[in-house]
Every structure is written in C-alpha cells, then in structure tokens.
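Enquirer: coords please:
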Amino acid sequence: MAQPSEQELLKILLPSLLDDFQCWFSRSLTLLEKEEIDFLTNQQKIDLINEIKQAQQEVNVTQMLFQQTQVGVAASTLIPWHRLLGKCWRVSMRWRQQQCLSSQPKN
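Expert: Numbers count the residues shown, from 1 in each chain. Reported below is the predicted structural model:
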C-alpha cells in the first residue's frame, strides 16, 4: 500500500485541525463569557477573550484560504494558536478544580 503524499495528508489533516482550534476556542469563550472565574482579574479575562477572538478570526481566514488554494499552513502560524489553547485549557482546569472543591461537603 502506497504512503499518502504530503499534499494528500494536508488535505486530510489540516481541515480537522483547524476545526479543532475553532471548537476549543469557542468552548473557551463560552466559559469565559458565562462563568465567574475568580482567579482572573476583569482585565485578564477581557485580554484572554480578545486573544481568542483574534485567533478565531485568523483560523477563519486560514480555513477560507485552504479551501480556495489547498496550500498548507506554516508551523509558525499554528504554534501561537496551540499556546493560546494551552492557556485556555489551564484556565478551564483550574476553574473545574475550584468547582469540585466548592461542591464538596465541609466537615
């Protein structure tokens, strides 16, 4: 069985990767906009929301360009989005931990 070419792999993997970025950015925005997050200042929350919205716009443009041209995306483009997702996941994990702790019965 022949190995897929780089172009074939790109066509298969990149759209789902970009969709994953959109999904996780959307989930992060929902958390930040709908939940009380005590460990972030209002400014930190606003800054993170703005970073996510900017990244969403960048991913949208990348998705449109890929659909039109089938040209790949440089790793230098993906790395900042990946770092931002890491930041979002850390906020989400910390928020969930606090929710679990606050729901435990006090002895």
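Enquirer: what residues sit buried inside the helix or strand where G86 lies?
Expert: In this assignment (DSSP states H and E), G86 forms part of helix 75-103. Neighbour counts over helix 75-103 (16 or more other Cβ atoms under 10 Å) mark L78, W81, L84, L85, C88, V91, S92, W95 as buried. Every C-beta, even on glycine, is put in place using the N, C-alpha and C of the backbone.
Enquirer: out of those, which is nearest to S103?
Expert: Using Cβ to Cβ, W95 is the member of those that lies nearest S103, at 12.7 Å.
Enquirer: contacts only, for the closest one.
Expert: L31, E35, I37, F39 (Cβ atoms under 8 Å, 6 or more residues apart in numbering).
Enquirer: try it again with 10 Å
Expert: For W95, the contact set (Cβ atoms under 10 Å, 6 or more residues apart in numbering) comprises L31, L32, E35, E36, I37, D38, F39, L40.
Enquirer: where does the prediction get shaky in the protein?
Expert: 106-107 (pLDDT under 70).
Enquirer: what ranges do the helices span in it?
Expert: 6-34, 42-69, 75-103 (DSSP state H).
Enquirer: between the first one and helix 75-103, how big is the angle?
Expert: Which is helix 6-34. Angle of helix 6-34 versus helix 75-103, following axes from the mean of the first three to the mean of the last three Cα atoms, to 10 degrees, is 40 degrees.
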